[in-house]
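> The following comprises the amino acid sequence and a computationally predicted model.
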Amino acid sequence: MPPRDGRATLSTVARSAGVSVTTVSKVVNGRPDVGAGTRALVESLLAQHDYIGRRSPAAEGSPATARIEVVLEGDLNAYSTKIIQGVLDAGGEAGIGVAIGTQAGADASRPRGWARDLAAAGRRAVIAVVDEPPSTDRAALSRAHLPLVVIAPLNPQRERVTSVGSTNFAGGMAAAQHLLALGHRRIGYVGGSSRSARDQARMHGYRAALEAAGVPVPDDYQRTGDSRYQDGIAGGAAQLDLPERPTAVFAGSDETAAGVIEAARARGLRVPDDLSVVGFDDTEVARLTSPPLTTVRQPLREMGGVALRTALRLAAGEKLDSHHVELATELIVRGSTAARQVGGGADPATR
């Protein structure tokens, strides 16, 4: 199916040559791992379709030239690093260069014509690791004919925004079910923003597991913030200072979980003897906490790879079956959770 603007795409050329889009992409980017006969055929068809004329001068003969732009919101951290690694790995496999910027979300300060500049520099699509791409950015990319793929957006069901995420509800449910199986009945939650459908799905999964087990969820046992270390300290402190403190806490991110562990340490509580803690993401933070963190693994590298391949499909003019893809989460059990201890902070009903 030809693109609506009438321009030839990688998919157009690939169909004419009887090869894959990846092979055409390698030729366009000057990769050496294409047979001479295939290269000659593809280059001939690129010229016939006037595709070569649209390549930026910098792209000629330079395999490392970036074709995909990744934009970040905020500072690079353990979470975004794993996603970017997945994008880079998939880009390397496809022979596609990747550039990384950190201006996503700053629509007020975005230079005018930035999307046109990206297209002129040879970018074929944009991958955003942001909570919520500004509407002005989305409109600018659309005008420049640059497809956008968002990784783990706040609201993944937004129409006409292609995104890749994970099974947040199932992950939250798995975390709570793990704590219930260990005998905990007073289980707190310290998570992300109440404005985020992504974070709300994690909390609703936690609540669904507790409600199915007939375990009440007091309002004081639910705290929201920005999924950072300091939010974990603040939320953990608020819950651990309650007259009837939780014996376990599910945190909406590994950073938040690390903050909860610090709040427990500051109060002389031991993890997991006095408090079990579960995180979410399975970043490097989960292996650096003491003890190592039980967490819900979000397949961040795989999400980056899927986003890269999806961006290439959109750039090739292909139609997607769904605008949002969710990859499965998995509970990873480490040393921060243990069976509920009877006595001390134990539930009164089970003493």
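Yep, that arrived. Numbers count the residues shown, from 1 in each chain.
> use CA for all of it now, contacts and neighbours both
OK.
> what sits against Glu211?
Taking C-alpha atoms under 8 Å, 6 or more residues apart in numbering as the criterion, Glu211 is in contact with Val217.
> got the buried residues for the helix or strand containing it?
For Glu211, the element it lies in under DSSP states H and E is helix 197-212. Buried residues in helix 197-212, counted by 16 or more other C-alpha atoms under 10 Å: 197-210.
> Does anything pack onto the helix or strand where Gln239 lies? Which helices or strands?
For Gln239, the host element (DSSP H and E) is helix 229-240. With contacts taken as 3 or more C-alpha pairs under 8 Å, 6 or more residues apart in numbering; DSSP states H and E, helix 229-240 sits against strand 187-191, strand 222-224, helix 254-266.
> Out of the ones you listed, which is the most enclosed?
Highest mean neighbour count of the helices and strands packed on helix 229-240: strand 187-191, a mean of 28 (counted as mean count of other C-alpha atoms under 10 Å).
> distance between that strand and the chain's centre?
Mean-position distance between strand 187-191 and its chain equals 21 Å (C-alpha atoms, centre = their mean, to the nearest Å).
> and the angle for that strand with helix 229-240?
Per axes from the mean of the first three to the mean of the last three C-alpha atoms, to 10 degrees, the angle that strand 187-191 makes with helix 229-240 is 150 degrees.
> Who are the packing partners of strand 187-191?
With 3+ C-alpha pairs under 8 Å, 6+ apart as the test, strand 187-191 has helix 197-212, strand 222-224, helix 229-240, strand 248-251 packed against it.
> what are the pairing partners of the second one, and which direction each?
What it means is strand 222-224. strand 187-191 (parallel) (DSSP bridges).
> what does the strand it pairs with contact?
Under the criterion C-alpha under 8 Å, 6+ apart, residues 176, 179, 199, 203, 206, 217, 221-227, 231-232, 235-236, 239, 246-253, 256 lie in contact with strand 187-191.
> count of neighbours near the residue lying closest to Ala90 once chain neighbours are set aside?
In space, and not counting its chain neighbours, Ala90 is closest to Gly305: 5.0 Å by C-alpha to C-alpha, 6 or more residues apart in numbering. By the measure other C-alpha atoms under 10 Å, the count of residues near Gly305 is 22.
> cool, Val217 as well?
17.
> Relative to Tyr206, how far out is it?
Using C-alpha to C-alpha, to the nearest Å, Val217 is found at 10 Å from Tyr206.
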